[in-house]
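> how would this look folded up:
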Amino acid sequence: MTIAFSCPSCDRAYSVGDEFAGRVTACKGCTTRMIVPDAEGEPDPPPRARARVVAVSPPTSPPPRKPSRRDDSDEFEVVEEPPSRSRDAFAEDAAKYARKAARKQRRRERDALVREQHGNSLAVSRTIVRGLCTMAFSAVWFFGGLMFGVLFYFPPILFCIGLGILIMGLMGREE
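Residues are numbered from 1 along each chain as shown. Presented below is the predicted three-dimensional model:
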């Protein structure tokens, strides 16, 4: 079964299935928000946990309109409020970021200890290995493409990124 209704502002006609009864929609002509009425013609607001009633004010300069078939006495619509996050969700996020920061700090301390133990010699850190692997992958990708007659433009960019990561590792900085 279909429900026929029109926009209260511009009288544009709509016809939708009865499964859309009670939903809030916007007119495609004038973007006025309205509620799809139920099969009998009365809008039945959907049952929501948190909703507030807001008066709909007419637009400042309404488009020319035909005589309305609707009574103008009930100009209200249901506007849903976005669900708020609970305190538990914020606490979980804070704990997740604290664990991540602790892991980074442990990694920095471990790398500093390795550098200290080796003295002036070069200690291979994760950053150096990442830079070398990125550069090797980009070189294989580029020359592999050339073997098959295809010129990829991203491997040189990736090679430069890998070179930057390698230099960061050699300077002692970690990601």
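> okay, now the domains of this structure?
2-80, 108-170 (automatic domain parsing).
> Tell me where the chain has helices.
Applying DSSP state H to the chain gives helices spanning 87-118, 126-147, 154-170.
> quick revisit: would you single out the least confident of the domains of the chain?
Among the domains of the chain, domain 2-80 carries the lowest mean pLDDT, a mean of 67.
> how about the helices of the chain in CSV, adding mean neighbour count?
All C-beta spots, glycine's among them, are computed from the backbone N, C-alpha and C. Compiled in CSV, these are given as follows (neighbours: other Cβ atoms under 10 Å):
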stretch, mean neighbour count
helix 87-118, 11
helix 126-147, 15
helix 154-170, 16
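> Just give the number of residues close to residue 8.
Neighbours of residue 8 under the rule other Cβ atoms under 10 Å: 21.
> what are the phi and psi angles of it?
Backbone torsions of residue 8, given as degrees, to the nearest 10, read phi -70, psi -20.
> sorry, back to before: distance to residue 14 for the helices of the chain - can I get that in a markdown table?
Listed next are these as a markdown table, based on distance: least, Cβ to Cβ, whole Å:
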| stretch | distance to residue 14 |
| --- | --- |
| helix 87-118 | 38 |
| helix 126-147 | 54 |
| helix 154-170 | 48 |
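> closest one to residue 9 among the ones you listed?
Residue 9 lies closest, by Cβ to Cβ, to one member of the helices of the chain: helix 87-118, at 38.9 Å.
> what's the angle from that closest one to helix 154-170?
Angle between the axes of helix 87-118 and helix 154-170 is 70 degrees (criterion: axes from the mean of the first three to the mean of the last three Cα atoms, to 10 degrees).
> Specify the angle between helix 87-118 and helix 126-147 in degrees.
Using the same axes, to 10 degrees, helix 87-118 lies at 90 degrees relative to helix 126-147.
> thinking again about what came up before, looking at the helices of the chain, which is nearest to residue 8?
For those, the distance to residue 8 is smallest for helix 87-118, at 38.6 Å, taking Cβ to Cβ.
> What distance separates the opening and closing residues of stretch 15-22?
Start-to-end span of stretch 15-22 (Cα to Cα, to the nearest Å) is 14 Å.
> Ok, stretch 20-38 next?
Across stretch 20-38, first to last residue, Cα to Cα, it's 8 Å.
> What are the buried residues along it?
Buried positions in stretch 20-38, judged by neighbour count with 16 or more other Cβ atoms under 10 Å: 21, 27, 30, 32, 34-37.
> Residue 158: which of these is nearest?
Of all these, residue 27 has the smallest distance to residue 158: 49.2 Å, by Cβ to Cβ.
> Residue 162: which of the buried residues of stretch 20-38 is nearest?
Within those, proximity to residue 162 (Cβ to Cβ) peaks at residue 27, which comes in at 53.8 Å.
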